[in-house]
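In: Here you go, sequence then predicted model.
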Amino acid sequence: MNTVSIIGRMTKSPQLKHFSEGRMQTNFVVAVNKSYKNDEADFVLCTIWGKLAETTVKYCGKGSLVGITGRLNTRSYEKEAGARVFVTEIVVEDIRFLATKKRGEEAEQQQNKNNESDFEFPVIPSNQLPV
């Protein structure tokens, strides 16, 4: 069994990448607080494919709180210098938007420090929800 579930905040806004045959992908890092230390976090690389990637990029930005379920994947590649680099990531199968920040909202919030809420929940029509 290869199943992982985490809850954390995005460290930067995800960017959508388009590939051949109409495939879409995004990746981002999620900061997950360590339960035994409030001021420390683990940083986990996450990758999403397809329509779910498009929806994530549309509704989430830096600081968004997300719940992720997926599977661990390890891959490797070679750098120009010939050194092999290993990458472990979560391939996301399900993502829940717990508290989102829209793109560009980070700068706007710094200007409006008197805002009562740092986050807002997106209104997603039921026909646009990821399946």
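Out: That came through fine.
In: Below-threshold pLDDT in this structure: ranges please.
Out: Counting by pLDDT under 70, the chain contains low-confidence ranges at 37, 102-131.
In: Check the secondary structure at residue 52 for me.
Out: At residue 52 the chain is in helix, as set by DSSP: H, G, I helix; E, B strand; the rest coil.
In: Would you mind confirming that it is in contact with residue 97?
Out: No. Using CB atoms under 8 Å as the test, residue 52 is too far from residue 97 to be in contact (11.3 Å). C-beta: built from backbone N, CA, C; applies to glycine.
In: Roughly how far does residue 35 sit from residue 60?
Out: Using CB to CB, to the nearest Å, we find residue 35 at a distance of 24 Å from residue 60.
In: Oops, could you answer that again for residue 75 instead?
Out: Separation of residue 75 from residue 60 (CB to CB) stands at 24 Å.
In: Between those two, which is the more surrounded one?
Out: Counting neighbours by other CB atoms under 10 Å for residue 75 and for residue 60 shows that residue 60 has the greater number, 24 against 10.
In: Now that one. Nearest residue, chain neighbours left out?
Out: Take residue 60 and drop its neighbours on the chain: the residue closest to it by CB to CB, 6 or more residues apart in numbering is residue 100, 5.3 Å away.
In: State the distance from the one you found to residue 24.
Out: Look at residue 100 and residue 24: by CB to CB, they are 19 Å apart.
In: Compare those two and say which is more crowded by neighbours.
Out: residue 100 (20 against 16).
In: This structure: strands as residue ranges?
Out: With DSSP state E as the criterion, the chain has strands at 4-10, 17-18, 24-34, 37-49, 65-78, 84-99.
In: what number of residues lie near residue 74?
Out: Applying other CB under 10 Å, we find 8 residues neighbouring residue 74.
In: residues in contact with the nearest residue to it once chain neighbours are set aside?
Out: Excluding its sequence neighbours, the residue lying closest to residue 74 (CB to CB, 6+ apart) is residue 88, at 4.9 Å. Contact analysis of residue 88 by CB atoms under 8 Å, 6 or more residues apart in numbering lists 45, 72, 73, 74.
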